Every structure is written in structure tokens, then in C-alpha cells.
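Q: Pasting a predicted model and its sequence here:
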Amino acid sequence: MLDQTTESTTRTCYTPSDPEPALSRQGPKPVRALLAVLKKYWGFDRCLPLQENAMTSVLDGRDSVVVLPTGGGKSLCYQAPALVLEGTAIVVSPLISLMKDQVDGLVAGGIGAAFLNSTLGPEQFRDVMEQLHHGKLKLLYVAPERLVLERTLDLLRRLEPSFIAVDEAHCISQWGHDFRPEYRGLGVLKELLPTVAIHAYTATVTERVRRDIVEQLGLHDPRVLVGSFDRPNLVYRVEHRHDATKQIQTVIDRHPGESGIVYCISRADVERTSKALTARGVPALPYHAGLSDEIRHSNQDAFIGDRARVMVATVAFGMGIDKSNVRFVVHAGCPKSLEAYAQESGRAGRDQLAADCTLLYSGADFAVWRNLLASVPAEAQPGALRSLQQLYAYCTRVECRHRALVRHFGQELPAGSCNACDVCLGEVAQLDDPLTVGQKILSGVLRLDQRFGANYTTMVLTGSDHDRLSTYGILASEGRGNVRDWIEQLVGQGFLEKDGEFQVLRLTDQGWKLIRGTATPMLTRPRPTPAGARPDRSGAGPGRDDWEGVDRELFEALRALRRSRADALKVPAYVIFGDVTLRELARVRPSSLESMRQVYGIGDRRLADHGPAFLERIVEVSRERSLPMDVKSGPGSPPVPRTVPVRPASAPPTGIRALVYLRLDRREPLDVIAAALSRAPSTIHGYLCEYIAERKITDPSAWVDPATARSAEEALRQIGTGRLKPVFELLGGRVPYAALRVVQLCMMNR
């Protein structure tokens, strides 16, 4: 959707309903060159929303401001065009660790890249200068402090860069959530190099910050590209904090073996939380500014290298995190603004796969932040307080979390359920009579003469103290946790306010309307979960199809191989291959380097460097487990995947397979076999699929109810036997994938 505004900028804004732009092979020559570069170096054959527009702005030599959410692919917007244009592009980057990670990734992909910062010794510096002199560098990363030094500016004059990219550009604005004074000096670049285009890249900023970026950098008639702020692959949840360690561990338990970040407000909270999680059997590394540089770097490297699962950190662990496979982010305390929350939670799921974002809040957090604001300049305090109030409202109001976040940034989502937050997933239940409950709570505040805080008021209302009051114990049946949460919801919705150093509860004008019955709050409680139940990661919500067709055992084998190679090369694990690529390899199971080349995320250099080792592991596991190979993935795939022969048909099974086959011959139930042989049911089902294929079984009735089998066969005939997802959806999700796979194999044997 292209909208010409009355300002001197062209603003392009894609909403969730807009079609995804795609590079055209028949388009202009620069666009075709971009497509070739994307495929050769990154293994991509398409762009994410707005990337093509951002790239063509670079190729056109027109200044631009690009706003994409974390994980939206901002880096690619300047990295790919740098390879098409002549000369070297300069990238301004705020953190040494971020520079290193990006340069490591580029070099691993066969791209000439380097950085200039304080970590370089004299010999390394000379090496970078020599590469620059001989035209071997396409991208040079420089810190803002170094860039504005006179000798660096002299270097830029001589170099005549192809363009300048300013990453994390919100740091230049005092209205941004992460203002850095050293960025202010970048305004000199336009004066020094008036003919060189400057491109600013950032995420989750308001329109006011965007205008400030344009002004501070002195951009000339820039193209302003603003993507959707929504991150549909993230599942947002908000919970009132009552047992932080237990609540954090609940999130971690949903992601066995996967990486995540736990954010805390203070250093003391980081230390306390990391020790508590470790004591519960979840090794968690701390990260905060009070640790030595050596410990911080060691812990960060362990996390980025997948040698440590959980990092507990203050926001000092911030922009330097260029790790794509973070599967969860937990805020154990509230951030200072919705901008900060969007930025920090957005470090989950950068690879576009599903991830959890859980925010634990308490009224005490807001008191802490208010105290911290005492050190903020007086002119900035009103805005900072307003940001806190907006965040508090986000925590306590009952509305779609995705919709609330994008609305804060001036956008709207289509009506309907996002299917990716606690409200839309039905994990919170609205009270049947919120008016009465609200009146009881406010009456309790009045009976205490509006002289006490939320904790003591909760004790009285639930029958723990002050039994001479008429409101004593009037909500005892509801439980202290629920009542405490409702008080926060009433504060957030403006019926109560907290006053003074001790956060005393007082009624507002809106609160008096509630007492009189002329205003009604929206109060919720967590929906009860059956004892022992765990969230179904394959159910509703984003990413439920991320694992369809992926062999988990092969995926884990490839992940282990990736980790060992990354350790040997001393680079982050995702520099080898991202999780999206590993899942696709474990889904498609290519049998040759040529077929591996077609997998998303595998460019020429990575194929040459890592392809043979990964191919060997894929073939090894596939043959051992009789998995079909070269399975087509995506729409339009052939109906039947090619199966590579794994052993002569007459070869008898051996080892555990022989024991499973013997019991399958007897038609024993799969759960009985799994228990008898101490194997997971999914493992036994894998052997069953091999058994059906090898024995040419055509009748699935021993393992699938005949009526269910008939329904599945009818759907498979209608759609074809190539992919199970459309069959599963046609049957309304009533037939599990495991049963569909059995019926599919039996049909293929006929």
C-alpha cells in the first residue's frame, strides 16, 4: 500500500493484509542481481515484507528510514545491496558483540566483511586497511564513537563508500527508548559526504522518533518505509507475579532443550533468579553490568553458541543479541515502556518460528521504575511516567495483546482473534459479575480509610487480618492471588490509584462511579488447567505447523553436529545454519548436495563448507531409521516422495528393530510395546512406519480404527497422498497425524 503524504517523504506501510512483495526474475537488472545475490549467499528465493523496497532504495541511492520489527530482516536490507553495488558500504553499529556476530555470519557465507573497533590489535587493524585498499571488503562495520574521529572521517573521504547504513538508528533520538549521546555526532556524515546516501534502520519506534531520526541525520527527501509492527509468530502472555521462579520454570519447561532469555529489572534480581533456577535443575547464566567483562563475554558466548540454554539478564543484555533461535523470553519484572517491551520480547523468534513471550508484572515494579526516574532530567520525566502508565494499562486490560501493541505504534490489526495471546487463546476467563467483585474491593479500601497498600488490603478482603471490619473476608473464597491481581486490574483501568511512597490505595472519580454502579470494570482470572496438563504445542497458535513432517531425532542429530562445528570454528551456532534450515533438512532429508542446495537458507559458501558433513549425517540417520529421502516440501509437491532403499528387502531386522517388529507381528498395541521396551511412543510409531513400508502392509486396521481409516482414506484420495497437513485440516483435526501417516503408507503399498 503506497501512500504519498504531504511531507517531503514517501511513506510505504505494509499492513498484515498486504501481499508479500516478491523479487521478480523479469524485473530490472538491479533487482535480478539482488535475487541472484540472495540465492547465492543466503540461500533465499524471496523477501520478507518491505525488504525489496528497502533494498531498491539503497540501489537507487536515495536516503531512507526503514522500520521493521526485530526479526524482520533489517540487516539483509543493506547487506544484499552492498554486494550489488561497487565499492564498500559503511555500517554504523553500536555494540562490539553485534559487529562481531554479523561479520562472522557474513564471512561464513563467503562475503568480504570486517569491523573497526577497540578490540583490534595493530596487526589486525593493518590487515583490515589492506583489505580495504585492495577492494576486498563489501561491508565495513564501525562504532559511532570511532566513526566521528577525524582520522576515520579522512578514511571515509578517500574511500567514497557505496552508502552508509546506520543500524539501531533509534539511538540517535532523545525520544527513543535507548538514546545514546554518541550517535548525535553522526549528523556530520551528510556534511562530509553530501552525495553518499544514508540509510537508517530501526525497530519498534513511534512516528515522533522517526521524524527525529530524519532531522538528526540530515537526510534529504528520504523514503520512509514502515512495516507492520506485529510479530504473529510470538505468543504473548501476561501474568500477575506471585511465585516468579515457579512461573519462569513453567515457561522453560514448555521448551525442553531450547534457548531463552529471562529479563530482570536489577542486578540483584538477576543473581537471585539465576541461582534459584539453577537450584531447581535449570542451569541459568547471569548477565549484568556488575559482572566482569570476562564473565559477561564468557556467559554471552556460551548462550549464543548453544552451550547454555537460559540467560538471566538485565537489559544490558540487549542489542548485542543476534541469535535467531531464542524460543522464549520471560520478563520477570516489567520493562520501562512498551517500546522497550516490544524490542526485548522481539528477541524471541527472530527466525520466524513460533516463540513464547511472557510478562510477569507487579505493582512493585512500577514503584521501582518511578524511583529510578528521579535521576532522569526533569524535562524527560513526564514522558517517562506516561510510558510507564501505558505499560501498566497493557498489563491490566483485557484485550488482544497483539492488537494493543501495534495500536501503540499507530497501526491496527484486522478484527478477530490473533490466535497468539493469552486473551485470544482463552487462557484467561472474564468474571461473570465483575461489578460486584469490584465494589467489594473498593469497599474494602474505603473501610481501611484509604490508608493501606494492595498487599494489606488483600489480606483483609481474604480474611487474614483486621476481623472487626465489615469487609473482612468478603472475598475469602476467591484466594489471595486472584484478589491481589484484581486490585492491579482496577488500578490499571483507572478505578484505583496508588499514592505516595508507600503506594497507598485511593479511589479515583471513576472508582466512585463503580461504587455507585454506573461503571463496570473488566476483571479476569486464569482459566483453570487440569492437573498434570501441559500446553499442547501442536494446538492453536502460531507455529503449530513448524514441525509438520520434521523428524525430531534427525533434527537433534543435526543440531548436535551444528554445535560441534560452531565450537570448532569459534562462531555462533546459527552462523552455520539457522533452526529454520535445520528443520527443513530434517523434513526434506536431501540425498545429494544438489538437492540440499534447494533448501531454504543454504547458499553456495555454506553448502561448500558444511554441506558434505550435514549430508553424511542425514543419509546415515535416514538409512538407520528407514526414512524416505528427497521429500518434497511446500505447495505443488509431487504426491509421493521418493524413498531411497536403505537395505535389501530380504535383510532381516536387527537389534531393537527386530524386537519391535516381532511384537508388531503379534499386533501388540503401540503403547504396550513402548512400555515393554522403554522407548518413547513416537519412536515406536517410527518403527511401525518402517514396518509397514518394508512388509508392504496394505490394511491399517490393526493400528487405526476401521471407521477412522475409511475417513482418512477418503480424504487422502480427494487431496492426494503427498502432504498430510491439508488432509488433517479437511478432517477438522479429528484424526491425528500419526494415524494419517499409517493410512497413507498402507495406501501407497497398494
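A: Everything's here; your move. Numbers count the residues shown, from 1 in each chain.
Q: how many neighbours does residue 195 have?
A: The local packing of residue 195 (other C-beta atoms under 10 Å) involves 7 other residues. Glycine gets a C-beta too; all of them are placed from N, C-alpha and C.
Q: can you offset everything so residue one is 53?
A: Understood, numbering begins at 53; the last thing we discussed is residue 247.
Q: where along the stretch 453-602 of the chain do the helices fall?
A: Ranges of helices within the stretch 453-602 of the chain are 453-460, 486-499, 506-513, 532-544, 561-568, based on DSSP state H, counting those that start in this stretch.
Q: quick one: which of the ones you listed is nearest residue 385?
A: Set against residue 385 and scored by C-beta to C-beta, the helices of the stretch 453-602 of the chain come closest in helix 532-544, at 14.0 Å.
Q: And the contacts of that closest one?
A: 292, 294, 413-415, 444-445, 447-449, 489-490, 493-494, 506-507, 509-511, 513-514, 516, 527, 548-550, 557, 563, 573-577 (C-beta atoms under 8 Å, 6 or more residues apart in numbering).
Q: Nearest to residue 713 among the helices of the stretch 453-602 of the chain would be which one?
A: Counting by C-beta to C-beta, residue 713 lies closest to helix 453-460 out of the helices of the stretch 453-602 of the chain; the figure is 48.7 Å.
Q: How far does the closest one sit from its chain's centre?
A: 16 Å (C-alpha atoms, centre = their mean, to the nearest Å).
Q: And stretch 563-570, by the same measure?
A: So, by C-alpha atoms, centre = their mean, the centroid of stretch 563-570 is 42 Å from its chain's centroid.
Q: Let me see the mean pLDDT of it.
A: Taken as a whole, stretch 563-570 has an average pLDDT of 90.
Q: burial count for the closest residue to residue 253 other than its chain neighbours?
A: Spatial nearest neighbour of residue 253, chain neighbours left out: residue 126 (4.5 Å); criterion: C-beta to C-beta, 6 or more residues apart in numbering. Counted by other C-beta under 10 Å, the residues lying close to residue 126 total 25.
Q: before we move on, what about residue 482?
A: For residue 482, the tally of surrounding residues (other C-beta under 10 Å) stands at 11.
Q: so what's it bridging to?
A: When bridges are taken as DSSP bridges, the partners of residue 482 come out as residue 576.
Q: chain center to stretch 346-356: distance?
A: Averaged C-alpha coordinates place stretch 346-356 at 21 Å from its chain's average position (C-alpha atoms, centre = their mean).
Q: That should have said stretch 723-740, apologies.
A: Taking mean C-alpha positions (C-alpha atoms, centre = their mean), stretch 723-740 and its chain are 33 Å apart.
Q: Quote the end-to-end distance of it.
A: The stretch stretch 723-740 measures 12 Å between its terminal residues, going by C-alpha to C-alpha, to the nearest Å.
Q: and that stretch, which residues are buried?
A: Of the residues in stretch 723-740, those scored as buried under the neighbour-count criterion (16 or more other C-beta atoms under 10 Å) are 725-726, 731, 735-740.
Q: Now tell me what touches it from outside.
A: Around stretch 723-740, the neighbours that count as contacts under C-beta under 8 Å, 6+ apart are 603-605, 677, 708-709, 711-713, 715-716, 722, 755, 790, 793-794.
Q: Can you select the buried ones from those residues in ChimeraX?
A: Listed next is the ChimeraX selection for buried residues among the contacts of stretch 723-740, using 16+ other C-beta under 10 Å:
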select :603,605,677,709,711,712,713,715,716,722,755,790,793,794
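Q: where exactly do the helices run in the stretch 153-302 of the chain?
A: According to DSSP H, counting those that start in this stretch, the helices that the stretch 153-302 of the chain contains are 174-185, 196-199, 202-211, 240-244, 259-269, 296-305.
Q: quick one on the thing from earlier: out of the contacts of stretch 723-740, the closest to residue 169 would be?
A: Top of the list for closeness to residue 169, among the contacts of stretch 723-740 and by C-beta to C-beta, is residue 604 at 40.5 Å.
Q: Look up how far residue 132 lies from that closest one.
A: If you measure residue 604 against residue 132 using C-beta to C-beta, to the nearest Å, the figure is 33 Å.
Q: Likewise for residue 793?
A: Separation of residue 793 from residue 132 (C-beta to C-beta) stands at 39 Å.
Q: Name the residues that touch stretch 254-270?
A: Under the criterion C-beta under 8 Å, 6+ apart, residues 61, 117-122, 124, 126, 218, 220-222, 224-228, 235-236, 238-239, 241-243, 250, 252, 271, 274, 276, 278, 281, 391, 394-395, 398, 461-462 lie in contact with stretch 254-270.
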